[in-house]
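Trainee: build the 3D model from these lines:
(2 chains)
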Amino acid sequence: MTIIECPRESDVLDAVASRKWPHRVSPDLAGHVASCAVCRDVVDVAQAMRADHETVWQEANIPSSGQAWWRAEMRARQEAIRQASRPIAIAQGAALLVVLSVTVVIGWLGWTWIRQTPPTFDLSAVSAQTLTSPLALSLVVALFALAVITPVALYLVLSDE
Amino acid sequence: MFPRDVTLTDVERLDRVAARAVETLQMDEDTFRAFYDRTARPVWVYLARITGDRALADDLLQESYYRFLRAERSFDSESHRRNYLYRIATNLAHDRHRSRRGVVSVPVPAEHEPSALASHHDVAGDAERRTDLGRAMAKLKPRERELLWLAYAQGSSHEEIADSLGLRRASIKMLLFRARRRLAALLTGQPGQRA
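Mentor: You can find the predicted model right below:
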């Protein structure tokens, strides 16, 4: 069975951490390490890592706590604003879509009407013809949709929540 | 729900939203700054060593504290709070490691930096040892590097390591043993198990 720990591991670690290893430890501990594979590994690894840790610690160039707080605060604000702006952007997109749709429908109806209208302009005849046309129904539906969707879009844009 | 104020412009409204976002951070400024001053350096050193990349450690340090501040959690103690910060940092390092898989990153220390040179007597020996450690660490798995660094460089207990890495406490001993044996073999140039 492989031994994965040694009861004297903490003594060895303490000796390395307090820089007593290898010259200022008791002969008993030194003798133990010489005969214990686990503690030998602990010494090799802990010594190398402690030395490296000390050097990297001194080399670390950390931003100040004030800078770190300021950055975090700015980022939290930006993210909150981005999130809150999303419904506005959606409402604006929806409103634009409605406007474009209505423009296309009106343009199409207008073009149809121009092609069907006789060269001589008779307002009463045109009105009657247009109102009885099935295309006129589409125009009315589109205008009605615009009248309903516009207030909803404005509500979404201007409401607080 | 906030009362509707029809006179509020979008800018004012968004400003209020931004102010509320700052209020929801985990700590107030003074508490954060004190916590940061206590923990930032060890966390940076940890990140620099487990990633082998100082610039990346800078980025991950900032991201770790931001995520920590945004976490909606309560902490029983300072050590619980610190372990949670390490867990965030570790997960970020893992994410970055996964996204950069295939790019070889060898954590060779910057032993030529003046501060490193001036502070040691045995310059050549130290530099050599650090390079050896850097090369050996690069051959370990990220999880092994994390375990070893926390245990032997920072002196964390098994409980702290388990909390910081999100591992079961019972498994720490065995994982640490394997990682330690592997690193010791790499450092001493003895492949396989010691007698």
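
Trainee: does B:Leu167 belong to a helix, a strand or coil?
Mentor: Put simply, B:Leu167 is coil when judged by DSSP: H, G, I helix; E, B strand; the rest coil.

Trainee: how about the strand or helix carrying B:Leu147 and chain A, any contact?
Mentor: Using DSSP states H and E, B:Leu147 sits in helix B:142-148. Yes: counting by Cβ under 8 Å from any Cβ of the partner chain, chain A is contacted by helix B:142-148 at B:Leu148. For the C-beta atoms, the positions are set from N, CA and C on the backbone; glycine is no exception.

Trainee: show me the helices in chain B, by range?
Mentor: Using DSSP state H, the helices of chain B run over residues B:10-23, B:29-51, B:54-70, B:78-99, B:114-118, B:123-138, B:142-148, B:158-165, B:169-188.

Trainee: quick one: closest of the ones you listed to A:Ala142.
Mentor: Among the helices of chain B, the nearest to A:Ala142 by Cβ to Cβ is helix B:10-23 (28.8 Å).

Trainee: so the closest one versus helix B:29-51, what angle?
Mentor: If you take axes from the mean of the first three to the mean of the last three Cα atoms, to 10 degrees, helix B:10-23 sits at 70 degrees to helix B:29-51.

Trainee: and the angle for helix B:10-23 with helix B:54-70?
Mentor: 100 degrees.

Trainee: mind checking the pLDDT average for helix B:10-23?
Mentor: Averaged across helix B:10-23, the pLDDT comes to 76.

Trainee: would you mind listing the buried residues in stretch B:154-168?
Mentor: Neighbour-count burial for stretch B:154-168, counted by 16 or more other Cβ atoms under 10 Å in any protein chain shown, picks out B:Gln154, B:Gly155, B:Ser156, B:His158, B:Glu160, B:Ile161, B:Ala162, B:Asp163, B:Ser164, B:Leu165, B:Leu167.

Trainee: which pair of those spans the longest distance?
Mentor: B:Gly155 and B:Leu167 (17.8 Å).

Trainee: B:Asp37: what's it in contact with?
Mentor: Contacts were defined as Cβ atoms under 8 Å, 6 or more residues apart in numbering or on different chains; by that measure B:Asp37 touches A:Ser65.

Trainee: spit out the contact partners of the residue in chain B that chain A sits nearest to.
Mentor: Relative to chain A, the nearest point of chain B is B:Ala21 (3.3 Å; Cβ to the nearest Cβ). Applying Cβ under 8 Å, 6+ apart, we find B:Ala21 in contact with A:Ala76, A:Arg77, A:Glu79, A:Ala80.

Trainee: reformat these as TSV; add neighbour count, secondary structure and distance to B:Asp15.
Mentor: Below are the contacts of B:Ala21 laid out as TSV (neighbours: other Cβ atoms under 10 Å in any protein chain shown; DSSP: H, G, I helix; E, B strand; the rest coil; distance: Cβ to Cβ, whole Å):
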residue	neighbour count	secondary structure	distance to B:Asp15
A:Ala76	20	helix	13
A:Arg77	18	helix	9
A:Glu79	14	helix	14
A:Ala80	19	helix	10
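
Trainee: farthest pair in the residues you listed?
Mentor: Among the contacts of B:Ala21, the pair separated by the greatest distance (Cβ to Cβ) is A:Arg77 and A:Glu79, at 7.4 Å.

Trainee: got any ranges where the chain has weak pLDDT?
Mentor: You didn't pick a chain, so chain A it is. Scanning chain A for pLDDT under 70 picks out A:1, A:118-132, A:159-161.

Trainee: switch to chain B, please.
Mentor: Filtered on pLDDT under 70, chain B yields the residue ranges B:1-8, B:101-130, B:190-195.

Trainee: find the closest residue to chain B in chain A.
Mentor: Residue nearest to chain B within chain A: A:Ala80 (3.3 Å; Cβ to the nearest Cβ).

Trainee: please enumerate the helices of chain A.
Mentor: Using DSSP H, helices in chain A cover A:9-17, A:27-35, A:37-59, A:65-116, A:123-132, A:134-158.

Trainee: which of those helices sits most buried?
Mentor: Mean neighbours per residue, mean count of other Cβ atoms under 10 Å in any protein chain shown, is largest over the helices of chain A for helix A:37-59, with a mean of 21.

Trainee: how about the residue of chain B closest to chain A, nearest residue that isn't a chain neighbour?
Mentor: Nearest-residue entry for B:Ala21: A:Ala80, 3.3 Å, with adjacent residues in sequence omitted and distances by Cβ to Cβ, 6 or more residues apart in numbering or on different chains.

Trainee: for that neighbour, give me its contacts.
Mentor: By Cβ under 8 Å, 6+ apart, the contact set of A:Ala80 is B:Val17, B:Ala18, B:Arg20, B:Ala21.

Trainee: the last one and B:Thr51, how far apart?
Mentor: Remark: distance between B:Ala21 and B:Thr51 (Cβ to Cβ, to the nearest Å) = 29 Å.

Trainee: for B:Ser156, which non-adjacent residue is spatially closest?
Mentor: Spatial nearest neighbour of B:Ser156, excluding adjacent residues (Cβ to Cβ, 6+ apart): B:Leu150 at 4.3 Å.

Trainee: that neighbour: neighbouring residues, count only.
Mentor: Neighbour count for B:Leu150, taken as other Cβ atoms under 10 Å in any protein chain shown: 26.

Trainee: any idea how far B:Tyr84 is from B:Glu72?
Mentor: 12 Å.

Trainee: again with A:Pro87
Mentor: Distance of A:Pro87 to B:Tyr84, given as Cβ to Cβ: 33 Å.

Trainee: B:Asn91 now?
Mentor: Computed with Cβ to Cβ, the distance linking B:Asn91 and B:Tyr84 is 11 Å.
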